[in-house]
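Peer 1: Predicted model and sequence follow; I will ask about them next.
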Amino acid sequence: MERRMIVCDLDGTLLDSRGELSERTRAAVRRVRAAGHVFVIATARPVRDTRHVAAALNDTGDAADANSAVCGNGSVVYDFARDEVVDHHPFAEADVVRALTALRDRFPGIRLGAECHLELLLEDAFELAPALARDARRVARLEEAIDWHGVGKIVVQLEGAARGYYESVGTLLPGCEVTVSADVFCEVTRAGVTKAAALEAMADRLGFGRAGVIAFGDMPNDLPMLTWSGTAVAVANAHPAVLAAAHEMTASNDEDGVAVWLEQLSEKH
């Protein structure tokens with residue numbers, strides 16, 4: 001079988017509902033890499049919350065493709081071997097100003113955060129599980145603390161589940177990419193910044209056409225990479241829009257769905 005580039009979301013897809021990586025999944029990734037395929041993480045997570053997963057998947061230390069991961073929904077590509085940013089796509093300052101002003105005006109009581117370079121800033125009222133907010137710098141008001149030139153992603157929190165309001169935020173910010181990867185907030189990046197765009201650039205560098213790319217995902221933020229890839233695979237627990245867009249479906253994340261599919265790929269090799 002020809003060499004493939006396999007790209008995979010983390011939360012809700014590769015990781016189980018506890019956010020953990022199973023040994024079966026690690027073994028399946030090792031096997032496809034040993035067979036010559038490239039495996040790349042593509043996540044909404046920031047670099048700091050991706051590092052330990054990348055390390056667990058690259059425990060042999062000899063898979064060069066494991067070094068880089070697409071983070072922040074494509075706003076950052078990071079090389080974990082060199083411990084440095086490969087690519088960063090921040091907003092223009094004027095676009096950040098316009099976005100924050102529009103959000104404040106439309107949604108009184110909104111709670112905001114931002115990824116600035118590799119730092120997470122969260123307003124004091126922003127509600128996030130301690131495990132996800134442990135490295136955050138808390139601020140009274142985002143506009144008073146951010147580096148206007150380094151904002152890669154804005155996070156928006158309103159009352160209720162984010163999948164219920166992210167489209168309203170998108171309508172308000174037509175010049176931005178607005179999506180959701182979890183129900184605690186929605187995410188805003190600059191126009192054209194998606195997992196798909198970052199992965200297409202990586203695929204070009206590695207010599208893959210889109211037909212040679214297999215993508216796994218579960219939430220609307222995965223839709224650009226799923227529709228771009230040659231083979232789109234949804235886990236059974238995926239959002240309805242993802243299930244509708246995928247070419248194939250595998251078992252749920254809690255049933256090691258990615259591993260199940262990769263094991264079948266290995267058997268064909």
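Peer 2: Now that the structure is in, tell me what you want to look at. Numbering: from 1, shown residues only.

Peer 1: CA atoms for contacts and neighbours, from now on please.
Peer 2: Noted.

Peer 1: how about the helices in the stretch 151-269 of the chain?
Peer 2: In the stretch 151-269 of the chain, the helices defined using DSSP state H, counting those that start in this stretch lie at 166-172, 195-206, 223-228, 240-245, 257-268.

Peer 1: Which strands or helices does the third one pack on?
Peer 2: Where contact means 3 or more Cα pairs under 8 Å, 6 or more residues apart in numbering; DSSP states H and E, helix 223-228 is packed against helix 195-206, strand 213-217, helix 240-245.

Peer 1: Could you list every helix and strand in contact with the shortest one?
Peer 2: Using 3+ Cα pairs under 8 Å, 6+ apart as the contact test, the elements touching strand 213-217 are strand 5-8, helix 223-228, strand 231-235.

Peer 1: What lies in contact with it?
Peer 2: Applying Cα atoms under 8 Å, 6 or more residues apart in numbering, the external contacts of strand 213-217 come out as 4-9, 12-13, 223, 225-226, 229-235, 238, 242, 258.

Peer 1: and the angle for it with helix 257-268?
Peer 2: Strand 213-217 and helix 257-268 are oriented at 150 degrees to each other (axes from the mean of the first three to the mean of the last three Cα atoms, to 10 degrees).

Peer 1: Return the set of buried residues in strand 213-217.
Peer 2: Val213, Ile214, Ala215, Phe216, Gly217 (16 or more other Cα atoms under 10 Å).

Peer 1: where's the first one relative to Val188, distance?
Peer 2: Same thing as Val213. Separation of Val213 from Val188 (Cα to Cα, to the nearest Å) stands at 25 Å.

Peer 1: And for the last one?
Peer 2: Separation of Gly217 from Val188 (Cα to Cα): 19 Å.

Peer 1: Give me the phi and psi angles of Val76.
Peer 2: Here is the backbone geometry of Val76 (degrees, to the nearest 10): phi -140, psi 130.

Peer 1: Quick check: pLDDT value at the nearest residue to it once chain neighbours are set aside.
Peer 2: Leaving out its chain neighbours, the residue that sits closest to Val76 by Cα to Cα, 6 or more residues apart in numbering is His88, at 4.6 Å. For His88, the pLDDT comes out at 94.

Peer 1: And the one 4 residues further on, by the same measure?
Peer 2: Per-residue confidence for Ala92 comes out at a pLDDT of 95.

Peer 1: Let me know how buried the closest residue to it other than its chain neighbours is, in neighbour terms.
Peer 2: In this structure, Ala92 finds its nearest non-sequential neighbour in His149, 6.5 Å apart by Cα to Cα, 6+ apart. Residues near His149, counting by other Cα atoms under 10 Å, number 14.

Peer 1: for the stretch 151-269 of the chain, which spans come out with low pLDDT?
Peer 2: When residues are selected by pLDDT under 70, those of the stretch 151-269 of the chain lie in 269.

Peer 1: Please read the previous query as pertaining to the stretch 1-150 of the chain.
Peer 2: For the stretch 1-150 of the chain, the ranges with pLDDT under 70 are 1, 59-66.

Peer 1: And the strands in it, which stretches?
Peer 2: Per DSSP state E, counting those that start in this stretch, the stretch 1-150 of the chain carries strands over the ranges 5-8, 38-41, 68-71, 76-79, 84-88, 111-116, 119-123, 137-139.

Peer 1: Using PDB, write out every CA atom in stretch 175-193.
Peer 2: C-alpha atoms of stretch 175-193 as PDB (Å, rounded to 0.1, in the frame of the first residue of the first chain):
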ATOM      1  CA  GLY A 175     -14.100  38.000   8.400                       C
ATOM      2  CA  CYS A 176     -12.900  35.300  10.900                       C
ATOM      3  CA  GLU A 177     -13.000  31.500  11.200                       C
ATOM      4  CA  VAL A 178     -15.300  30.600  14.100                       C
ATOM      5  CA  THR A 179     -15.800  27.000  15.200                       C
ATOM      6  CA  VAL A 180     -16.200  24.800  18.200                       C
ATOM      7  CA  SER A 181     -14.200  21.800  19.600                       C
ATOM      8  CA  ALA A 182     -15.800  21.600  23.000                       C
ATOM      9  CA  ASP A 183     -19.000  22.900  24.600                       C
ATOM     10  CA  VAL A 184     -17.300  25.200  27.100                       C
ATOM     11  CA  PHE A 185     -16.300  27.900  24.600                       C
ATOM     12  CA  CYS A 186     -16.100  28.600  20.900                       C
ATOM     13  CA  GLU A 187     -12.900  29.600  19.100                       C
ATOM     14  CA  VAL A 188     -12.000  32.400  16.700                       C
ATOM     15  CA  THR A 189      -9.000  32.500  14.400                       C
ATOM     16  CA  ARG A 190      -8.100  34.900  11.500                       C
ATOM     17  CA  ALA A 191      -9.700  34.200   8.100                       C
ATOM     18  CA  GLY A 192      -8.100  31.200   6.400                       C
ATOM     19  CA  VAL A 193      -6.500  29.800   9.500                       C
END
